[in-house]
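Colleague: Pasted the sequence and its predicted model underneath.
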Amino acid sequence: MQGILPQAGSALAFQLLASVLYAALAVHLWRRQWVAAAAPAAGQGSHLLQLAVLAVHSIAVFGPMFAGYTLRIGVGDAISAILWLTVLIYGLGSLFYRLEALQALIMPVAAAAALLPALLPAEKVIPNTELLAFRLHLVLSMLAYSLFTIASLHVLLMAMLERRLHHGALPSGLARLPPLLTMETLLFRIIWAGFLTLTLTLASGIVFSEEMFGRAARFNHKTLFGFISWFVFAALLAGRHWHGWRGRTAVRWTLAGFMLLILAYLGSKFVLEVLLGRV
């Protein structure tokens, strides 16, 4: 396994290649969905290109992360892995929904994220990575971030679509999106999936804390923001079920919960690693 993982120099080459491929895919999807006058015919070209860039990106981000049978995850690695998973989820979702217009918006972000491990490298090995609870917690947390990243982009695009519907004709890209009610149904399915994953993330974090320190999760800013975000999404789903929340209310609650998640993990990791130089 170690022999197939890239070293530092080759990892940078894979990161650059992944970024270039994401950028090319962004241009391709943008021209098809947002610039072309006529609706594009369904094809396999973009799907094959997505598979190629995901393969390259996976080597770029996960190779250095697991090099030498250790685990190194800096803030750049975390963001890059989350965007990799986000693109993967979008790719799977595009098999069932018309999501190419949404993918055109996420690809430039993924292109930038692919370079972050080189700009913000992990300096130290993370301890206790041999624990199963920790590995489970890590996978679940990345999946939760990816799902809520998608939900946040989705809700912003819905708000844009709703606003333009009230002001006449839609641009070609927005006109090719699924109907607003379909997008709303998809949004809350994504939020439900993210909420369940976040619940498992917090539960696995408690298990990991007990194995490490002999007590439940320590009360710190990460724990605080994590549980507050959980309550925000729980309130949103309850409001949707009991009061039919939608539109601007769904936008505010979704973005508020997502920002709390950013503060819970990525924000604290950025402060510790980049500003303070600690793990």
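Modeller: Nice, I can see it.
Colleague: What is the subsequent helix or strand relative to the host helix or strand of residue 48?
Modeller: Residue 48 is part of helix 45-65, with elements assigned from DSSP states H and E. Proceeding N to C from helix 45-65, the next assigned helix or strand is helix 75-93, under DSSP H and E.
Colleague: by how many degrees do that next one and helix 45-65 diverge?
Modeller: Relative orientation of helix 75-93 and helix 45-65, computed by axes from the mean of the first three to the mean of the last three CA atoms, to 10 degrees: 150 degrees.
Colleague: so the helix or strand following helix 75-93 versus helix 45-65, what angle?
Modeller: Sequence-wise, the next helix or strand downstream of helix 75-93 (DSSP H and E) is helix 100-113. Put simply, helix 100-113 runs at 30 degrees to helix 45-65, going by the same axes, to 10 degrees.
Colleague: in the stretch 1-150 of the chain, which ranges drop under the pLDDT threshold?
Modeller: 1-9, 34-46, 66-70, 122-131 (pLDDT under 70).
Colleague: re the thing from before, buried ones in the helix holding residue 48?
Modeller: Buried residues in helix 45-65, counting neighbours by 16 or more other CB atoms under 10 Å, are found at 46, 49-50, 53-54, 56-65. The C-beta positions use only the backbone N, C-alpha and C, and glycine is treated the same way.
Colleague: Now do the helix or strand where residue 161 lies and helix 75-93, the angle between them.
Modeller: Per DSSP H and E, residue 161 falls inside helix 132-165. Relative orientation of helix 132-165 versus helix 75-93 (the same axes, to 10 degrees): 60 degrees.
Colleague: For helix 132-165, list every residue counted as buried.
Modeller: By 16+ other CB under 10 Å, the buried positions in helix 132-165 come out as 133-134, 136-155, 157-159, 161-162.
Colleague: Against residue 141, how distant is the closest residue to residue 184 other than its chain neighbours?
Modeller: Closest residue to residue 184 apart from its sequence neighbours, by CB to CB, 6 or more residues apart in numbering: residue 246 at 6.2 Å. Residue 246 sits 28 Å away from residue 141, taking CB to CB, to the nearest Å as the criterion.
Colleague: again with residue 50
Modeller: 24 Å.
Colleague: So this protein: which segments form each domain?
Modeller: Split into domains by automatic domain parsing, the chain comes to 1-126, 128-279.
Colleague: now the spatially most central residue of the chain, nearest residue through space, not along the chain?
Modeller: Here the mean C-alpha position of the chain is nearest to the C-alpha of residue 146 (CA atoms, centre = their mean), at a distance of 2.6 Å. Counting by CB to CB, 6+ apart, residue 146 lies nearest to residue 85, which is 4.0 Å off, once chain neighbours are set aside.
Colleague: returning to what we had before: chain center to the helix holding residue 161: distance?
Modeller: Here helix 132-165 is found 6 Å from its chain centre; the criterion is CA atoms, centre = their mean, to the nearest Å.
Colleague: same check, this time on stretch 183-203
Modeller: 13 Å.
Colleague: for stretch 77-88, same thing?
Modeller: On CA atoms, centre = their mean, the centre of stretch 77-88 falls 5 Å from the chain's centre.
Colleague: Output that stretch in CSV with nothing but the alpha carbons.
Modeller: Provided in CSV are the C-alpha atoms of stretch 77-88 (Å, rounded to 0.1, in the frame of the first residue of the first chain):
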residue,chain,number,x,y,z
ASP,A,77,-6.3,18.3,3.8
ALA,A,78,-9.6,18.4,5.6
ILE,A,79,-11.1,21.0,3.2
SER,A,80,-9.7,19.2,0.1
ALA,A,81,-11.2,15.8,1.3
ILE,A,82,-14.6,17.4,2.0
LEU,A,83,-14.7,18.9,-1.5
TRP,A,84,-13.6,15.6,-3.0
LEU,A,85,-16.5,13.9,-1.2
THR,A,86,-18.9,16.7,-2.2
VAL,A,87,-18.0,16.3,-5.9
LEU,A,88,-18.5,12.5,-5.5
